[in-house]
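# Have a look; sequence and predicted model below, questions after that.
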Amino acid sequence: MAETRTRNTEGTGVNFFLDGNFRPVSEERETKDMTVIGAIPKDLAGTFLRIGPNPVHIFSEEKYHTFDGDGMIHAIEFIDGSARYKNRFVETEGFKLEQAHGDWLYKGMNSMMDPSPSRIPEGAPPSKNLANTAFAYHNKTLYALHEPSKPTIIELPDLNTVGATDFNGKLKHPFTAHPKVDQKTGEMMTYGYAFQAPFVSYSVINQDGELVHTTPITIKKPVFMHDFAVSSKYTLFLDFPITLDIERAIAGGPALGFEKAHGSRIGVMPRFGTDADVRWFEVKPGVVVHTANAWEEEDVVVLQASRSKTVDIIGAGTQAGDALSETHGQLYEWRINLTTGDISEGPISELHCDFTRVNDAYACHATRYVYAALFNPQRPFTFDGVMKYDNASNQETTFYYGAERYGGEAVFAPRLNSASEDDGYLITFVHDETEDQSECVILDAQDLASGPVATIVIPFRVPYGFHAGWVGH
Ligand SMILES: [Fe+2]
């Protein structure tokens, strides 16, 4: 039987994701009393949000996987040059059951086959909706997302958990952590992937928050499909080769692994299309975890994403001997001519990056700029800096956080009365590992290289996490 222990907040050295600044925090806090280096811009009004895994009750520290942690939100609200920090757990049903029980009830993905008796109470969900991965903001509603699960509604400004929603019973499939909101039409496009048929299902939610369209999407075997893309006319599905293969697992390999022979295909479907409308285009085999954006240029659909040569999902890139550069993506572009069927593709930047973002107001339409976090080449899941890629000049500008300082996803926040695509700020959390100090860093998106316009020193530790978001006032 696996050893059962609860969390040691100092870290134990047995699991990369429970040590250093990956280790969780246990307190929920709020403060306006923070040191600011520089000045918080007065034309920054809204809430910067970051979500990530913050486990409370752990079945096995050794086998704990970072994807299993309970969701915690860290937020900074900006009003008139001042800032308020607040962090809260996402109080999902599974989280509340474990709180009431005072110990673990759910074992986690690496321990599901452990023979110890189940503790999941009768009538409780068979798996935890962790709501730990990313945000969507649509129809004035903030969602915390976890791709096997339903979206969890969160109230601003206090980060109260309202609960999971199935859109009045109409959502019949899992809901990706990366739905796309077209702010020009008000529609939100989403999909879910599953390991039983249909392997992919797709839905559109209209500007009033009503789910108005659903279709299955046929692919030949189950794949890990973490993200997709949407242009103004089309939805793009990525049937890429991170496959689920039980026979491979029985033979001693990973259940979820890179299978080059599966190939890579991009499916292009009209926004309100159905399975029969999908046109599949074969592209070079590779791995895409996150897309940046898609748009049309006459007959050509353009897709930009971070793409790597391979991936280690289950090890999350932390196992000894991994060639990190092979698993670290680079900005990459596919151009698919829907009239001729011609495809051109290739990297557009040499820098290794992920957490690709655009200005949310321009998503699903042509974007000039992509923002992305720059990988630390030495250590998994840590980011040395941030880049801005300019499609007009094909050049990047970068800002690096400095020695022993690591950041996460940076999001674009438009300044009040923003006049152009990059007229605003890039915001991220940075942790100084020498000082064990967490900061919120605000950069001028038009001048990254000059460094922060403001650095807010947070009097509490903010662990490294997954995705960030911005909700303007
Ligand atoms: Fe993601």
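Okay, I see it.
# where exactly do the strands run in the stretch 301-450 of the chain?
330-337, 343-357, 369-375, 383-390, 395-400, 405-407, 411-414, 424-432, 437-444 (DSSP state E, counting those that start in this stretch).
# what's the angle between the third one and strand 395-400?
So the one you mean is strand 369-375. Counting by axes from the mean of the first three to the mean of the last three C-alpha atoms, to 10 degrees, strand 369-375 lies at 40 degrees to strand 395-400.
# shaky segments in the stretch 251-400 of the chain?
Low-confidence segments of the stretch 251-400 of the chain (pLDDT under 70): 312-325.
# switch the cut-off to 50
320-321 (pLDDT under 50).
# residue contacts, Glu350?
Gln330 (C-beta atoms under 8 Å, 6 or more residues apart in numbering). C-beta coordinates here come from the backbone N, C-alpha and C atoms, glycine included.
# For Ser111, give me phi and psi.
For Ser111, the backbone dihedrals (degrees, to the nearest 10) come out as phi -120, psi 10.
# so who does the spatially closest residue to it that is not a sequence neighbour touch?
Nearest residue to Ser111, sequence neighbours excluded (C-beta to C-beta, 6 or more residues apart in numbering): Lys63, at 4.9 Å. Lys63 sits next to 2, 108, 110-111, 114 when contact means C-beta under 8 Å, 6+ apart.
# could you redo the strands of the stretch 301-450 of the chain as a markdown table and give each row distance to Tyr191?
As requested, the strands of the stretch 301-450 of the chain are exported to a markdown table (distance: least, C-beta to C-beta, whole Å):
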| stretch | distance to Tyr191 |
| --- | --- |
| strand 330-337 | 19 |
| strand 343-357 | 18 |
| strand 369-375 | 22 |
| strand 383-390 | 26 |
| strand 395-400 | 30 |
| strand 405-407 | 29 |
| strand 411-414 | 22 |
| strand 424-432 | 27 |
| strand 437-444 | 32 |
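# Relative to Tyr143, which of the ones you listed is closest?
The closest approach between Tyr143 and any of the strands of the stretch 301-450 of the chain, judged by C-beta to C-beta, belongs to strand 411-414 at 15.5 Å.
# Paired strands for that closest one, with orientation please.
With DSSP bridges as the test, strand 411-414 is paired with strand 424-432 (antiparallel).
# Now do the partner strand against strand 437-444: the angle between them, please.
On the basis of the same axes, to 10 degrees, strand 424-432 is oriented at 160 degrees to strand 437-444.
# State the mean pLDDT of strand 424-432.
The average pLDDT within strand 424-432 is 98.
# How about stretch 191-198?
93.
# Now do the contacts for Phe195.
222, 244.
# Where does it sit: helix, strand or coil?
coil (DSSP: H, G, I helix; E, B strand; the rest coil).
# Between the contacts of Lys63, identify the one with the most neighbours.
Greatest neighbour count in these, by other C-beta atoms under 10 Å, goes to Gly108: 21 neighbours.
# Give me the pLDDT for that one.
Taking Gly108 on its own, its pLDDT is 89.
# So for it, what's the nearest residue that isn't a sequence neighbour?
Asp68 (4.0 Å).
# burial count for that neighbour?
By the measure other C-beta under 10 Å, the count of residues near Asp68 is 21.
# ditto for Arg379
For Arg379, the count of nearby residues is 15 (other C-beta under 10 Å).
# what does the one 4 residues further on give?
Residues within reach of Phe383, counting by other C-beta under 10 Å, total 26.
# Could you measure from it over to Asp354?
8 Å (C-beta to C-beta, to the nearest Å).
# And Gly52, by the same measure?
Per C-beta to C-beta, Gly52 is found 15 Å from Asp354.
# quick one, which of these two is more surrounded?
Ranked by neighbour count (other C-beta under 10 Å), Gly52 and Asp354 place Gly52 first, with 26 against 23.
# Could you verify my assumption that that one touches Phe466?
Yes. Contact status for Gly52 versus Phe466: in contact at 4.6 Å, counting by C-beta atoms under 8 Å.
# Name the residues contacting each of these two.
With C-beta under 8 Å, 6+ apart, Gly52 and Phe466 have common neighbours Asn132.
# what pLDDT, on average, does the longest helix along the chain get?
In the chain, ranked by residue count with DSSP state H as the criterion, the top helix is helix 93-101. Helix 93-101 shows a mean pLDDT of 97.
# C-alpha coordinates for that helix, CSV please?
Extracted as CSV, the C-alpha positions of helix 93-101 are listed here (Å, rounded to 0.1, in the frame of the first residue of the first chain):
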residue,chain,number,x,y,z
GLU,A,93,-17.3,19.8,-4.5
GLY,A,94,-14.3,17.5,-4.1
PHE,A,95,-12.3,20.2,-2.3
LYS,A,96,-15.1,20.7,0.2
LEU,A,97,-15.6,17.0,0.8
GLU,A,98,-11.9,16.6,1.6
GLN,A,99,-12.0,19.7,3.9
ALA,A,100,-15.0,18.2,5.8
HIS,A,101,-13.2,14.8,6.0
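# buried residues in it?
Of all the residues in helix 93-101, those buried under the rule 16 or more other C-beta atoms under 10 Å are 94-95, 97-98.
# Dump these to TSV, plus distance to Ala229.
Output for the buried residues of helix 93-101, formatted as TSV (distance: C-beta to C-beta, whole Å):
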residue	distance to Ala229
Gly94	31
Phe95	31
Leu97	36
Glu98	36
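# which one of those is nearest Glu439?
For these, the residue nearest Glu439 by C-beta to C-beta is Phe95; the value is 27.8 Å.
# contacting residues around the closest one?
56, 70-71, 89, 128.
# Return the residues in contact with the residue nearest to Gly108.
Counting by C-beta under 8 Å, 6+ apart, Asp68 has contacts 53, 55, 106, 108-110, 128, 130.
# Of these, select the buried ones using a ChimeraX command.
Only the buried members of those end up in this ChimeraX selection, burial being decided by 16+ other C-beta under 10 Å:
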select :53,55,106,108,110,128,130
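# In TSV, list the contacts of Asp68 along with secondary structure and distance to Trp295.
Formatted as TSV, the contacts of Asp68 follow (DSSP: H, G, I helix; E, B strand; the rest coil; distance: C-beta to C-beta, whole Å):
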residue	secondary structure	distance to Trp295
Pro53	strand	33
Pro55	coil	39
Tyr106	coil	41
Gly108	coil	39
Met109	helix	35
Asn110	helix	39
Lys128	coil	37
Leu130	coil	32
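# From the contacts of Asp68, pick the one nearest Thr367.
Pro53 (29.5 Å).
# which one is the closest one nearest to, not counting chain neighbours?
Using C-beta to C-beta, 6+ apart, the closest residue to Pro53 is Gly69 (2.4 Å).
# returning to what we had before: right, and the strands of the stretch 301-450 of the chain - which one's nearest Leu238?
Once the strands of the stretch 301-450 of the chain are compared by C-beta to C-beta, strand 330-337 is nearest, at 10.0 Å.
# Counting by contacts, list what that closest one packs against.
Applying 3 or more C-beta pairs under 8 Å, 6 or more residues apart in numbering; DSSP states H and E, we find strand 330-337 packed against strand 264-270, strand 287-297, strand 300-308, strand 343-357.
# Of those, which is nearest Ala164?
strand 287-297 (23.8 Å).
# Buried residues in the closest one, which are they?
287-296.
# now, which of those residues sits nearest His138?
Taking C-beta to C-beta as the measure, His138 sits nearest to Asn293 out of these, at 16.9 Å.
# Pairing partners for that closest one in the sheet, please.
Beta-bridge pairing for Asn293 (DSSP bridges): Gln304.
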